[in-house]
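Q: Sharing a sequence plus its predicted fold:
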Amino acid sequence: MWGIGVAVYFVAVIFRTSLGVAGLDAAERFDVNASALSAFSILQLLVYAGMQIPVGLLVDRLGTKKVLAMGAALFTAGQLAFALSPSYGTALAARALLGCGDAMTFISVLRLGTRWFPARRAPLIGQVAALFGMTGNLVSTVLLSRFLTDFGWGATFGGSSVAGAVVLVLVLCFLKDHPEGYEPAPARHRGAAFVRRQIADSWREPGTRLGMWVHFTTQFPAMVFMLLWGLPFLVESEGLTRDTAGALLTLIVLVSMVIGLVFGQIIARHHKARLPLALGTVIGTAAVWAAVLGWPGERAPLWLLITLGTVLGACGPASMIGFDFARPANPPERQGTASGIVNVGGFTASMTTLLAVGLLLDASGGDYRTAFASVFVLQALGVAQILRLRVRTARRERERLVASRVEAVHVPAKA
C-alpha cells in the first residue's frame, strides 16, 4: 500500500523537477528572460505552498486515497498541458495546475506511512519516501534531459505524462488508506470552526513551528539549484558542458539518497540528534556556497563544485527532520494539518529565492554570484527562528514524556 503512494510521489517529483533540466530550452521556446523563466517555478511553488494546509486538512478529513487520486489527476493534466502549450501564458497555467496536483502527494504519503507502519519507524519511513522522491529527481536529471535532446519538447513532456495516468489507475484500483480493523474514528466536527481549530492547535505547538523553520532553512538551497537555476549557473557562469553539469545534478540526487537513509537511522535511534543534524547541514551548505561565490577569478574549480553538489545533497534529508519535530507534537487526527504547516516552510523559502535569483540576474546583467548571495539572507532568518524555538520545543517534549509516563503508571492501577 505504501509503495503505491510512493509511486505517485515519485512521478510527481519527476514532473516537478522536469523544468530544472529544460530551463534553457524553455527560455528559447517561449522567448523569455530570466525573471519570466523563474516565474514558471515560482508560480508552481506558490500554488504548492498555498495548498499545503488545505491539503493537510483534506487528508485528515477525506483520507489518503481520495487526495492522492485528485493529485495524480491534476499533475498529469498539468504535465500534458505544459507539453502542448503554444504560448508563455498557457505554459504558466499548466505549471500552476501541476503544482496543485503535486501539493497533494507528499503529505498523503507521510500519512499513509503512519497508518501502515509502527510509530518508531516513522523517521526512517519518511526518509525512505523522500529517497524515492529523489529517485524521481534523478530520472528527470538523467533521462528527461537526454529525451529533450533526442526527441524534442512535445514528445518528452507529453510522453512522460503517461506515467501519471499509470499511477492514477494504481491508486483507484488498489490503494487502501489503512489496514483492516484500524480505521480511524470519523471526524465529529465540520465547518469553518473545525478548520480554524485544527490549524490553531497545530500552530500552537512549538514543535510544529520549529519543524516548519527547520524545513524552511534546510530545503531551499538544493531545491532552487535543482528546480531551475543549477544547470544555467553551471553552464553559463562556471563554463561546464551540459553533460558535466547534468552529472553534478545527478551527484546531488545520489548523495541525497544515501544521506537520507543515514539520517533516518540516526534519528530513529537518537532523537536528540535532530537539531545538530539540521544545523550542521545549514552551516556546511553556507560555508561551501560562500567558497564557491567568493572564489577569486571567474570560475570555481571543479573539485569545489563537486563539494557543493555533495553538501546540497544533504539539504533534502535535513528538511525531513522538520516533520520529526512536528509528528510527536500532534495527535494522529492533526498529523496531516501539522505536516502541511511544516511543508509550507521549505517551499516558501524556495519560491522566495527563485524570485530573488531571477530579479538579481536581470538587475546585475547575468551575474550569478550576486544572485545566489540571496541564499544567505534566508539561511540567517531560518537559523534565528530555529534557535528561538528550540528551547520551547524541548521543554514541551519533556512535559509530554512525563505526562505519558504518569498515565502509564496510573492506568493499570485504575484497571
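A: All right, it came through fine. The structure displayed is predicted, hence computed values, not measured ones. Numbers count the residues shown, from 1 in each chain.
Q: now the strands for the stretch 51-200 of the chain?
A: Assigned by DSSP state E, counting those that start in this stretch, the stretch 51-200 of the chain shows no strands.
Q: quick one: the helices in it?
A: Ranges of helices within the stretch 51-200 of the chain are 64-84, 88-102, 106-116, 122-139, 145-151, 153-174, 191-204, based on DSSP state H, counting those that start in this stretch.
Q: do the same with the stretch 301-415 of the chain
A: 302-312, 315-326, 335-364, 368-372, 374-414.
Q: Pick the most buried one from those helices.
A: helix 315-326 (a mean of 28; mean count of other C-beta atoms under 10 Å). Every residue, glycine included, has its C-beta placed from N, CA and C.
Q: picking that back up, how about a markdown table for the helices of the stretch 51-200 of the chain, with distance to G23 added?
A: Below are the helices of the stretch 51-200 of the chain laid out as a markdown table (distance: least, C-beta to C-beta, whole Å):
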| stretch | distance to G23 |
| --- | --- |
| helix 64-84 | 13 |
| helix 88-102 | 12 |
| helix 106-116 | 23 |
| helix 122-139 | 15 |
| helix 145-151 | 11 |
| helix 153-174 | 13 |
| helix 191-204 | 35 |
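Q: just to revisit the earlier point, nearest to V13, of the helices of the stretch 301-415 of the chain?
A: Proximity to V13 (C-beta to C-beta) singles out helix 315-326 among the helices of the stretch 301-415 of the chain, at 10.4 Å.
Q: Next, the angle helix 106-116 makes with that closest one.
A: 60 degrees (axes from the mean of the first three to the mean of the last three C-alpha atoms, to 10 degrees).
Q: tell me how far helix 315-326 is from the chain's mean position?
A: The chain centroid and the centroid of helix 315-326 are separated by 10 Å under C-alpha atoms, centre = their mean, to the nearest Å.
Q: again with stretch 82-90
A: 25 Å.
Q: Now do the end-to-end distance for that stretch.
A: Terminal residues of stretch 82-90 lie 8 Å apart, using C-alpha to C-alpha, to the nearest Å.
Q: Which positions in that stretch come out as buried?
A: The neighbour-count check on stretch 82-90 (16 or more other C-beta atoms under 10 Å) flags 82-83, 85, 88 as buried.
Q: Give the buried residues for stretch 145-157.
A: For stretch 145-157, using 16+ other C-beta under 10 Å, the buried residues are 145, 147-148, 153, 156-157.
Q: ok, of those residues, which one's closest to G313?
A: Taking the buried residues of stretch 145-157 together and measuring to G313 by C-beta to C-beta, the closest member is S145, at 18.4 Å.
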